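Visitor: From the sequence below, what's the structure:
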Amino acid sequence: MKISLIFTSFLLIGTASATDYSKCKEFFTPQEGLSTPFVIDKTGKITPNGNVISYVLDDENKQELFTFKHPSGSMAENAKAIVKRGVNNEITEITFGYLLTQKDIDRINSNNIQFQAKGNPELVRRLSKNNPYFSTYSHTTTKIEIKNGQCVPSNQVSHNLVEPRVDGRTITSNLFDMKLCKDLEQFIDDNPEAAACFDPKLNKQVSSIFSNYQQRSGSTFAVGGGIGGFNAGFPGVSTGLYGRVDSLINMENQLWGNEEYKKNIRKYSGRSPIISGHMILQDCYISGLGSFIKDPKIWKEGDIDTTKSKQETIVERN
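Guide: Residues are numbered from 1 along each chain as shown. Next up is the predicted model:
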């Protein structure tokens, strides 16, 4: 594989950082079967690895641009990554995504149409002219915040392309917000009674009730989660058209009527702010944020300055 390395400056790589990136190093280390085009060390230095096809170090815009081979290859032949830095050379944002060409998008759109209109040639013909149901994963951006000298992934947002063209419109889904994770953890710590609905003894009693009905009817009861997505194949990235965090947070806003009616609806749907909070917090841990949530040094208030990224997400145009 030919690797093209393009450097506009050596300043970014050569500058050391006082920030501890140890936890971010772990967070952005890919799981087995996944891939990234670089290695990040505990000082924040990023080194391209063997997966890289091309690498651009752009000092003027304080960013590093990667094109690399992704092991799945299901969406596009190549993937992309963008690392942005702030005025003090701190990492402020990391983006992973597929480097979608128009040929890739046309192929995905055609497959979607065939699936949506299976067995209906007339519908295939109509959708081929203008498919309003097109959607495919584009990229995911993780904002980085420096809190008390430590690198912390503060927010992660996925972007779905909803128009079948390279420069088409995208919609976003929030995958996690670190402050929300921490606030929910603190609430549950301060209110242990909020965990009663997950008490093993109580759950066993309810399960026995389900069991009685299963034996009588011969049916199987299944437990369903919120609106989920698929693993996009990048570390810390799980995405869908409608984000689970968004749907769980907004669910309460969709309720109407008096408090008694709302309470009955929550019982009927099996959803409540507390249960939603548990689900969101569990997602935080599954996403690999546990070491950040549990570290008291990160959340210390007062005498140590914090730096928060205010930069906007880069969306590459082919």
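
Visitor: residue ranges of the helices in the stretch 151-300 of the chain, please?
Guide: 178-190, 200-217, 244-251, 259-269, 273-286, 290-293 (DSSP state H, counting those that start in this stretch).

Visitor: which regions of the stretch 101-250 of the chain sit below the pLDDT cut-off?
Guide: Under the criterion pLDDT under 70, the flagged ranges of the stretch 101-250 of the chain are 198, 203-204, 206-207, 209-243, 250.

Visitor: how about a cut-off of 80?
Guide: By pLDDT under 80, the weakly predicted segments of the stretch 101-250 of the chain are 119, 129-130, 194-250.

Visitor: need the helices of the stretch 151-300 of the chain in TSV with distance to residue 151 and mean neighbour count, can you?
Guide: Heads up, the C-betas are built off the backbone N, CA and C, glycines and all. Formatted as TSV, these follow (distance: least, Cβ to Cβ, whole Å; neighbours: other Cβ atoms under 10 Å):
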stretch	distance to residue 151	mean neighbour count
helix 178-190	11	16
helix 200-217	37	10
helix 244-251	22	18
helix 259-269	38	12
helix 273-286	17	17
helix 290-293	9	17
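
Visitor: wait, which of the ones you listed is closest to residue 168?
Guide: Nearest to residue 168, of all these, is helix 244-251, at 21.0 Å by Cβ to Cβ.

Visitor: and the closest one, what does it pack onto?
Guide: strand 170-177, helix 273-286 (3 or more Cβ pairs under 8 Å, 6 or more residues apart in numbering; DSSP states H and E).

Visitor: Which stretch among the ones you listed approaches residue 19 most closely?
Guide: strand 170-177 (20.8 Å).

Visitor: Report the buried residues of that closest one.
Guide: 170, 172, 173, 175, 176, 177 (16 or more other Cβ atoms under 10 Å).

Visitor: thinking again about what came up before, adding distance to residue 45, write the helices and strands packed on helix 244-251 out as JSON lines.
Guide: Shown next, in JSON lines, are these (distance: least, Cβ to Cβ, whole Å):
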{"stretch": "strand 170-177", "distance to residue 45": "26"}
{"stretch": "helix 273-286", "distance to residue 45": "27"}
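
Visitor: Out of these, the one nearest residue 108 is which?
Guide: strand 170-177 (14.3 Å).

Visitor: which residues in the stretch 51-200 of the chain form strands?
Guide: 52-58, 63-69, 78-85, 91-98, 136-147, 150-161, 170-177 (DSSP state E, counting those that start in this stretch).

Visitor: Next, format those as TSV and append distance to residue 116.
Guide: Below are the strands of the stretch 51-200 of the chain laid out as TSV (distance: least, Cβ to Cβ, whole Å):
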stretch	distance to residue 116
strand 52-58	34
strand 63-69	30
strand 78-85	26
strand 91-98	21
strand 136-147	13
strand 150-161	16
strand 170-177	19
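
Visitor: what's the closest of those strands to residue 42?
Guide: Here strand 150-161 is closest among the strands of the stretch 51-200 of the chain (Cβ to Cβ), at 9.2 Å.

Visitor: Just list what that closest one packs against, helices and strands only.
Guide: helix 22-27, strand 136-147, strand 170-177, helix 178-190.
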